[in-house]
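J.: quick one, structure for this:
(one chain, ligands or ions: 1)
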Amino acid sequence: MKRGFLNTPKAQKQLLQGTNTTSAATQPAQGSYKYGVLPEAELALPKDYKPLARPTEGPDVVTLKYGSNEYIYATLPPVPPGTKYSDFLGGGYSECWISDHIKRTIEATPNFPTLPLTPTGGKAYRIAKAGDKGLGMFATRLIRAGDLIIDERPLIVVPASSIALEGVLSYLANKYTPDQRLRIMLHEKDRCMELAYNKLDPERKKAFMALFNCHSRDGSGEFMGRVRTNGIGIDGEKLRDKDTTGDVGRYSAVCDEISRINHSCCPNTVYHWHTDTFSVRVFAVRDIPTGAEITLKYCNIMAPAAERAAALDRYGINPCACSVSCSDPARAKIADERRARLKTRSMLVPPSTPEDPEDAWVQPAVKQLRELEEEGLQASDEYYHALGGLLVPYLFLQNVDKVLFYAKKLEALSKARDNLKNFEPLYLSREGMKTTESWKVVGRMPKSTRKTASGWLLFLQSYIAQRRTSM
Ligand SMILES: C[S@@+](CC[C@H](N)C(=O)[O-])C[C@H]1O[C@@H](n2cnc3c(N)ncnc32)[C@H](O)[C@@H]1O
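T.: Here you go, the predicted model:
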């Protein structure tokens, strides 16, 4: 899962360097938020440090103003004062510490707030013990690729790597060491998050505090620790603070149930943020049998095992218990070589020699797709591109059965990736595909050109042009 950006070294560097030009903020600070078990001495705040004045608690108080962004506490979707969470029929609501700009962006989103969607075929999971990983989410029946498993409004939404506290940083910069500044920043962030927590209903407070906290001994505090452990980065480009770039200025959602989904280096789901429903959706990218654990990625699954291990360490995962190919060094080495190879797309050039089957030239791509499936990499972009890349040559060869086979897989994956609008449903039926321009282009080719390299190039040009116009 792309967890809260606070944990990425890049975000922390940006956070420390600030976005303004005051001399203090441009002083480079060393290091990043630590994690694990820190010695008592490192956990203590500097003796002379006076915590920032806390804003008066109120329904929508402005807490900090920094640059063009004012940060406020808001309930989203808005609910009438005095509403009890359990009595609210509108799909739940979240307590947010967000900039005023983001609040307005959310409220101006077409169809906000639509109700979260019902999972495909109804609820199909339970939260249960997942061995050494703590709790996890498990399928209670067969879940099909493309199915929506859960659409959940978060408990809280808070800045991930925010500029909200950078004003604090510039004020501190000349006074404390970089490590002390980091310690103070964590402390102040924890206090800001506590105010969002304070606004939760008692049952939601209980749910938040029941979440796992792998940052309990590194100075993060009860609130920040849970955000660092469970926060999911949301809708990068649309929901970002004004005048920010990169990971800074983005937001993180902490959910009740989605937070129980453990990481896997071969995950069977992907997630997306939806502002109109104000919720996080989790979709299956392959069939998940009854009883199997439902998993997400917290890091780049195409990266080598050592790189993944370093990224996962920040989420309290050490070692990763997702599969043998992660924990057994010999298996990890084989998987690394395979993943590195699978990052490169196969170049396909017809024709096959006369004695070969007519799709012999497509076989490197078929093998690549099979290997991506064997590695459990259906959640990767590489798998999506490999699947799309197979549909095209079989359309060119007018192989109806193969087009149907890959189109069905691609339809499910497009649902899961939330880009069904880029999928051509006509490929899902024998009659339909024959009415597509792709099919007709081949029909118009002289027989001597069909199934040749020059025919393939012509076909590709036409296919790409059609995709551009239909998107
Ligand atoms: C977001 S929580 C996931 C739910 C958690 N297991 C619970 O009990 O609430 C992240 C924590 O789950 C555990 N975890 C998740 N995926 C893991 C994995 N692949 N291997 C080992 N531990 C894992 C780690 O303790 C991590 O800090």
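J.: residues contacting whatever residue of the stretch 1-150 of the chain ends up closest to the ligand?
T.: Closest approach between the stretch 1-150 of the chain and the ligand, counting by CB to the nearest ligand atom: Gly134, at 2.7 Å. Backbone N, C-alpha and C define where each C-beta goes, glycine included. Contact analysis of Gly134 by CB atoms under 8 Å, 6 or more residues apart in numbering lists 212, 262.
J.: what about the residue in the stretch 351-471 of the chain that the ligand sits nearest to, which SS state?
T.: Here the stretch 351-471 of the chain gets closest to the ligand at one residue, Gly376, 12.9 Å apart by CB to the nearest ligand atom. Put simply, Gly376 is coil when judged by DSSP: H, G, I helix; E, B strand; the rest coil.
J.: so what's the residue count around it?
T.: Neighbours of Gly376 under the rule other CB atoms under 10 Å: 22.
J.: name the nearest residue to it, ignoring sequence neighbours.
T.: The shortest distance from Gly376 to any non-neighbouring residue, by CB to CB, 6 or more residues apart in numbering, is to Cys266 (2.7 Å).
J.: can you tell me which helix or strand the closest residue in space to Leu43 that isn't next to it in sequence belongs to?
T.: Excluding the flanking residues, the one nearest Leu43 by CB to CB, 6+ apart is Gly219, at 4.9 Å. Counting by DSSP states H and E, there is no helix or strand that carries Gly219.
J.: doesn't Lys34 make contact with Gly219?
T.: Yes - judged on CB atoms under 8 Å, Gly219 makes contact with Lys34 at a distance of 7.5 Å.
J.: identify the contacts common to those two.
T.: Common neighbours of Gly219 and Lys34 (CB under 8 Å, 6+ apart) are Glu42.
J.: neighbour count for the two, which is higher?
T.: Applying other CB under 10 Å to Gly219 and Lys34 shows that Gly219 carries more neighbours, namely 23 against 18.
J.: quick check: phi and psi on that one?
T.: For Gly219, the backbone dihedrals are phi 90, psi 0 (criterion: degrees, to the nearest 10).
J.: can you give the domain ranges for the protein?
T.: Each domain of the chain is listed here as a residue range: 5-116+153-260, 360-470, per automatic domain parsing.
J.: am I right that Gly136 is in a strand?
T.: Yes - assigned with three-state DSSP, Gly136 falls within a strand.
J.: related to what we said a few turns ago, and the pLDDT at the residue nearest to Gly376?
T.: If you check Cys266, the pLDDT there is 96.
J.: pretty sure it contacts Glu375?
T.: Yes - Cys266 is within contact range of Glu375, at 6.3 Å (criterion: CB under 8 Å).
J.: now the longest helix along the chain: average pLDDT?
T.: Longest among the helix segments of the chain by residue count, using DSSP state H, is helix 178-198. Across helix 178-198, the average pLDDT comes to 88.
J.: and the closest residue to Leu135 other than its chain neighbours, how many residues sit next to it?
T.: In space, and not counting its chain neighbours, Leu135 is closest to Arg260: 5.0 Å by CB to CB, 6+ apart. Using other CB under 10 Å, Arg260 has 23 other residues around it.
J.: got the contact list for Arg260?
T.: 127, 135-137.
J.: relative to helix 178-198, how tilted is the top strand by length along the chain?
T.: Taking DSSP state E as the criterion, the chain has its longest strand at strand 69-76. Strand 69-76 and helix 178-198 are oriented at 30 degrees to each other (axes from the mean of the first three to the mean of the last three CA atoms, to 10 degrees).
J.: list, one by one, the residues from the stretch 301-450 of the chain near the ligand.
T.: Counting by CB under 6 Å from any ligand atom, the stretch 301-450 of the chain comes close to the ligand at 315-317, 320-322.
J.: now those residues: which count as buried?
T.: 315-317, 320, 322 (16 or more other CB atoms under 10 Å).
J.: just the residues you listed now: which is nearest the ligand?
T.: Gly316 (3.0 Å).
J.: how near is the residue nearest to Leu135 to Val285?
T.: Using CB to CB, to the nearest Å, we find Arg260 at a distance of 19 Å from Val285.
J.: good, wrapping up.
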